[in-house]
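S.K.: Sequence first, predicted model second:
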Amino acid sequence: MRWPAIRAERFSALLTDDRLAACITDRRNPDQTVHTLAAVIRFRLLAIAAGYEDGNDATDLRGDPVFKLALDRLPSERDLCSQSTISCLENVPDVRMLLRMGRAMVDLYCASFRQVPKRIMLDIDDTFDAVHGAQQLRLFNAHYDEYEFQPIVVFDGDGRFVAALLRPAKRPSGVEIRAFLRRLIRALRASWPRTEILVRADGHYACPEVLDWCEAAAGIDYVLGLPTTSTLRRHVTRLEASTAARFTAAPDRGKGPALQGVLRWRQHLELGPPHRRAGRG
């Protein structure tokens with residue numbers, strides 16, 4: 001049994017389970033309820049932390065004395081919840097409950113700081129998550145040649161988890177990304193209204209909807225990659241050549257002339273006003 005892993009995650013689970021349970025409407029009959037939502041969530045979290053990601057593992061773990069102790073239950077007391085109880089719980093939340101749970105995770109992230117940070121960086125990306133069954137939302141991804149999810153995950157500049165969105169295995173649209181960012185920033189602003197936020201993401205996040213929203217949002221800076229195109233490559237090649245020529249022509253004047261050339265080309269490469277961005281795909 002991986003007791004160190006359980007002990008390391010137990011405090012985090014104690015903070016998390018009550019918050020997540022409060023986001024879920026429990027429609028079970030109280031007279032027939034043995035395990036509270038918080039207890040079920042805590043057992044699931046600790047099992048995952050110990051390396052037991054499959055809900056079916058609860059069948060063997062529910063009587064394990066170490067897990068019982070981790071949930072403040074004596075080894076001689078009633079067993080923990082079964083796999084069927086976990087499966088029922090995971091099918092209860094609707095869209096509104098899931099949104100509340102996502103907000104609760106952001107609140108936990110904010111509560112982990114001793115003082116309000118002046119500035120944070122949000123590193124946003126989607127990742128590959130293979131599935132091994134007929135789960136809802138699964139799609140076949142030709143790039144990975146597998147069925148998978150493609151969740152959006154967010155970490156801060158220090159590698160701390162901020163938020164995640166489970167979604168199908170396809171490229172997120174601009175509307176979907178904008179809605180996710182809007183909810184995430186709103187949740188962060190509720191705790192940190194004056195914190196400066198830098199959003200960093202790869203090229204497929206640099207779509208008109210996201211760019212327009214970042215420009216309009218107060219206190220938001222952004223660094224988004226641009227997909228490589230022949231036009232962009234041609235501009236960059238010319239920029240490199242002109243910058244090198246300026247520096248070679250006047251090396252005794254330092255980097256001033258070269259920097260001016262970079263700034264002029266930067267203005268030339270701007271995406272332009274919103275009505276022009278949308279037309280460029």
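M.R.: All right, it came through fine. Numbering: from 1, shown residues only.
S.K.: Where do the strands of the stretch 51-200 of the chain begin and end?
M.R.: 119-126, 129-130, 139-141, 146-149, 152-156, 161-165, 196-201 (DSSP state E, counting those that start in this stretch).
S.K.: Sheet-wise, list the partners of the fifth one with their directions.
M.R.: In other words, strand 152-156. Strands that pair with strand 152-156, judged by DSSP bridges, come out as strand 119-126 (antiparallel), strand 161-165 (antiparallel).
S.K.: To His204, which of the ones you listed lies closest?
M.R.: Closest approach to His204 among the strands paired with strand 152-156 is made by strand 119-126 (8.6 Å; CB to CB). All C-beta spots, glycine's among them, are computed from the backbone N, C-alpha and C.
S.K.: Of the strands paired with strand 152-156, give the one that comes closest to Asp79.
M.R.: strand 161-165 (30.8 Å).
S.K.: shouldn't Glu146 be in contact with Ala130?
M.R.: Yes: at 5.2 Å, Glu146 counts as touching Ala130 under the criterion of CB atoms under 8 Å.
S.K.: More neighbours: which of these two?
M.R.: Each of Glu146 and Ala130 has its neighbours counted (other CB atoms under 10 Å); Glu146 has more, 15 against 12.
S.K.: just to revisit the earlier point, now the strands of the stretch 51-200 of the chain in CSV, with mean pLDDT and distance to His235?
M.R.: Putting these into CSV (pLDDT from 0 to 100; distance: least, CB to CB, whole Å) gives the following:
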stretch, mean pLDDT, distance to His235
strand 119-126, 93, 26
strand 129-130, 86, 36
strand 139-141, 86, 32
strand 146-149, 89, 36
strand 152-156, 94, 30
strand 161-165, 92, 34
strand 196-201, 93, 22
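S.K.: Could you dump those strands into CSV with distance to Leu80 added?
M.R.: Formatted as CSV, the strands of the stretch 51-200 of the chain follow (distance: least, CB to CB, whole Å):
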stretch, distance to Leu80
strand 119-126, 34
strand 129-130, 27
strand 139-141, 34
strand 146-149, 27
strand 152-156, 29
strand 161-165, 26
strand 196-201, 40
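S.K.: who wins for proximity to Cys23 among those strands?
M.R.: Evaluated with CB to CB, these place strand 161-165 nearest to Cys23, the distance being 14.1 Å.
S.K.: Give me the distance from the closest one to the chain's centre.
M.R.: Here strand 161-165 is found 3 Å from its chain centre; the criterion is CA atoms, centre = their mean, to the nearest Å.
S.K.: for it, which positions count as buried?
M.R.: In terms of neighbour count (16 or more other CB atoms under 10 Å), strand 161-165 has its buried residues at 162-163, 165.
S.K.: Which one of those is nearest to Val116?
M.R.: Checking the buried residues of strand 161-165 against Val116 with CB to CB, the nearest one is Val162 at 15.3 Å.
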